[in-house]
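**Q** After the sequence you'll find the predicted model.
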Amino acid sequence: MSEPRWLNEDEQQTWRAFLWTSRLLNEALDRQLQRDSGMPHTYYMILAMLSEAPGRALTMTELAAMTRSSPSRLSHAVARLEESGRVRRIKPPDDRRTTIAELTDDGFAALQEAAPGHVEEVRRHLFDPLTREQTLQLRETLRILLADLDPDGRTPDIFGQG
């Protein structure tokens, strides 16, 4: 067995900075959405993905892939969103094995109400501290990492390349 490729001091500092930054950013976004809209960040992402889909609907399989969620975790979240009237689940008559999650008008309204505070929190913690050049450099770095982590391209088209 070969010797592990241990991180050098620069890599170790970068790794730890990445871990803490991503954790603290996700916690800040979750706190803001819980406080202002009564929903966790995960639910917001589900509503957002549905809002961008044709007909505001996706199969549960598509939605799980887009949100990078396990089927059981997604099913639980969608059940909670269904209880609150924000999402409805439908079985198409031609394929009873498939379940479609559809964003309701109430769900779309909740998303529209939550979006301004959410985007302000994203801006405050991610973009305001950076210059335009740093933002573009960060985007390029993330593009490289995402291509390595998702070689099959299962992640939604976040870079607007169709």
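**A** Okay, I see it.
**Q** and the gap between the most centrally placed residue in the chain and residue 6?
**A** In the chain, the C-alpha nearest the mean C-alpha coordinate belongs to residue 45, at 4.8 Å (C-alpha atoms, centre = their mean). Residue 45 is 35 Å from residue 6, where distance means C-beta to C-beta, to the nearest Å. For glycine as for every other residue, the C-beta is placed from the backbone atoms N, C-alpha and C.
**Q** Could you do residue 140 as well?
**A** Counting by C-beta to C-beta, the gap from residue 140 to residue 6 is 27 Å.
**Q** what does residue 87 give?
**A** Per C-beta to C-beta, residue 87 is found 46 Å from residue 6.
**Q** With neighbour numbers in mind, choose between these two.
**A** The residue with more neighbours, out of residue 87 and residue 6, is residue 87; 25 against 7, by other C-beta atoms under 10 Å.
**Q** Verify the stated contact: that one with residue 106.
**A** No - if you go by C-beta atoms under 8 Å, residue 87 and residue 106 don't touch, sitting 9.2 Å apart.
**Q** what distance separates the top helix by length along the chain from the middle of the whole chain?
**A** When the chain is parsed with DSSP state H, its longest helix is helix 9-37. Relative to the chain's own centre, helix 9-37 is displaced by 14 Å; criterion: C-alpha atoms, centre = their mean, to the nearest Å.
**Q** Thank you, goodbye.
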